[in-house]
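Q: next come a sequence and a model predicted from it.
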Amino acid sequence: MSLTVKNIEKFYGNKQILKGISFDIPQGSIVGFLGPNGAGKSTMMKIITGYITDYNGTANVCGIDVRQNPIEAKKLIGYLPENNPLYLDMYVKEYLLFVAKMYQLEDAENAVKRMIECVGLQNDFQKKIGQLSKGYKQRVGLAQAMIHDPQVLILDEPTTGLDPNQLVEIRQLIKNLGKEKTVLFSTHIMQEVNAVCDRVMVINKGTLVNDNVQFSNDSFTFVLELEQLPKDTECFKEISGVTNVRKIADNEIEIEASEDVRSDIYKFSMQKELIIKTLKQKELSMEDLFHQLTKS
């Protein structure tokens with residue numbers, strides 16, 4: 001496993017921020033770390049990257065304990081913090097050379113050149129970082145996180161504040177990185193999950209409520225469009241398994257059931273001489289799952 005976390009607990013004073021978090025991430029995965037603000041995402045990432053050392057439990061990167069061997073572990077980790085701290089008065093190439101030399105890379109010039117091409121900074125590497133847009137500053141942050149060719153990338157809210165075009169570019173860059181690296185990135189934006197992730201973990205109030213979200217559910221929801229609704233739409237509750245019926249448009253109702261009752265809906269409509277225009281199952285969205293997993 002590229003990343004293994006076992007029974008992580010973190011307290012700030014008497015307040016418990018993380019409550020026994022455990023998960024494994026294999027190499028070559030893009031995993032979204034999803035949760036509302038204040039759920040503990042950033043704290044967990046700071047533990048994995050070695051910025052926080054006062055905690056209970058263990059965190060291992062490629063078999064190396066982050067707390068016991070922090071230098072060796074950090075050689076394998078690339079980290080982009082949420083606030084992306086950059087030296088704004090430095091030129092892009094100058095800054096990346098500075099980072100490369102901190103990692104004591106033997107061929108720093110080539111490493112910088114490779115990263116400039118990788119993140120698409122060919123037209124901007126001679127500019128000061130402070131002159132760049134938010135999206136290009138994020139590219140610089142990604143370049144510094146990857147310049148030493150780490151096995152694991154930890155990205156904390158990498159797309160916050162980007163415009164739609166920049167979002168698409170950074171998402172594609174993360175997807176490309178995930179072909180070779182293990183990528184763990186935190187977000188509270190559900191669209192990120194659908195666009196980028198192979199797997200999703202959801203954290204809420206310091207607890208991992210699901211470490212591999214699947215688009216499945218114990219209930220079924222159907223949208224039925226009729227040529228004309230009956231006066232009493234509640235009559236569909238006569239169908240075995242139907243738990244709720246509600247009107248959502250002039251000629252549409254939403255039917256919730258404990259099982260797939262589409263054939264029963266057809267039969268019932270024919271018995272009531274109702275003409276069906278469409279009947280479709282409503283898919284459970286990531287927003288629905290997020291709400292289910294994080295609601296009080």
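A: Yep, that arrived. Given the structure is predicted, the values throughout are model-derived calculations rather than measurements.
Q: please make it C-alpha for all contacts and neighbour counts, starting now.
A: OK.
Q: where in the stretch 1-150 of the chain is pLDDT low?
A: For the stretch 1-150 of the chain, residues meeting the criterion pLDDT under 70 lie at 1.
Q: isn't there a strand covering E256?
A: Yes: E256 forms part of a strand when assessed by DSSP: H, G, I helix; E, B strand; the rest coil.
Q: can you tell me the closest non-neighbouring residue to it?
A: Nearest non-adjacent residue to E256, counting by C-alpha to C-alpha, 6 or more residues apart in numbering: T221, 4.4 Å away.
Q: how about the contacts made by the one you found?
A: 254-257, 281-283 (C-alpha atoms under 8 Å, 6 or more residues apart in numbering).
Q: in those residues, which has the lowest confidence score?
A: Least confident entry in those, by pLDDT: E283, with 64.
Q: picking up where we left off before, in three-state terms, label the residue nearest to E256 for me.
A: Following three-state DSSP, the label given to T221 is strand.
Q: now it: how far from T187?
A: Counting by C-alpha to C-alpha, to the nearest Å, the separation of T221 from T187 is 28 Å.
Q: now V61: phi and psi?
A: phi -120, psi 120 (degrees, to the nearest 10).
Q: what's near enough to touch it?
A: V61 touches 1-4, 48, 73, 76-77, 152, counting by C-alpha under 8 Å, 6+ apart.
Q: can you pick the most crowded of those?
A: Within these, V152 tops the neighbour count with 30 neighbours, counted by other C-alpha atoms under 10 Å.
Q: next one: that one from T4, what distance?
A: V152 is 11 Å from T4, by C-alpha to C-alpha.
Q: who wins for most neighbours among the contacts of T221?
A: Within those, most neighbours by other C-alpha under 10 Å means I255, with 25 neighbours.
Q: I'd assumed L224 was in contact with it.
A: Yes: I255 is within contact range of L224, at 7.4 Å (criterion: C-alpha atoms under 8 Å).
Q: can you list the buried residues in stretch 165-185?
A: Residues 166-167, 169-171, 173-175, 177-178, 181-185 are the ones in stretch 165-185 that count as buried (16 or more other C-alpha atoms under 10 Å).
Q: and the strands in the stretch 51-200 of the chain?
A: Assigned by DSSP state E, counting those that start in this stretch, the strands in the stretch 51-200 of the chain fall at 56-61, 64-65, 77-80, 152-156, 182-187, 199-204.
Q: what sits up against the third one?
A: Contacts with strand 77-80, where a contact means C-alpha under 8 Å, 6+ apart, come from 49, 61, 141-142, 144-146, 148-156, 158.
Q: quick one: the helices in the protein?
A: Secondary structure of the chain (DSSP state H): helices at 41-48, 70-74, 92-102, 108-118, 134-146, 164-177, 190-196, 262-271, 286-294.
Q: list the helices and strands the fourth one packs on?
A: I take that to be helix 108-118. With contacts taken as 3 or more C-alpha pairs under 8 Å, 6 or more residues apart in numbering; DSSP states H and E, helix 108-118 sits against helix 92-102, helix 134-146.
Q: of those helices, which stretch is the most buried?
A: Greatest average neighbour count among these goes to helix 134-146 (a mean of 23), per mean count of other C-alpha atoms under 10 Å.
Q: hey, C-alpha coordinates of it in PDB?
A: What follows is helix 134-146, C-alpha atoms only, in PDB (Å, rounded to 0.1, in the frame of the first residue of the first chain):
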ATOM      1  CA  LYS A 134      -4.900  31.900  -9.100                       C
ATOM      2  CA  GLY A 135      -5.000  29.000 -11.500                       C
ATOM      3  CA  TYR A 136      -1.400  29.400 -12.500                       C
ATOM      4  CA  LYS A 137      -0.300  29.800  -8.900                       C
ATOM      5  CA  GLN A 138      -1.900  26.500  -8.300                       C
ATOM      6  CA  ARG A 139       0.200  25.100 -11.100                       C
ATOM      7  CA  VAL A 140       3.300  26.400  -9.400                       C
ATOM      8  CA  GLY A 141       2.100  24.800  -6.200                       C
ATOM      9  CA  LEU A 142       1.600  21.500  -8.000                       C
ATOM     10  CA  ALA A 143       5.000  21.800  -9.600                       C
ATOM     11  CA  GLN A 144       6.800  22.300  -6.300                       C
ATOM     12  CA  ALA A 145       4.900  19.300  -4.800                       C
ATOM     13  CA  MET A 146       6.000  17.000  -7.700                       C
END
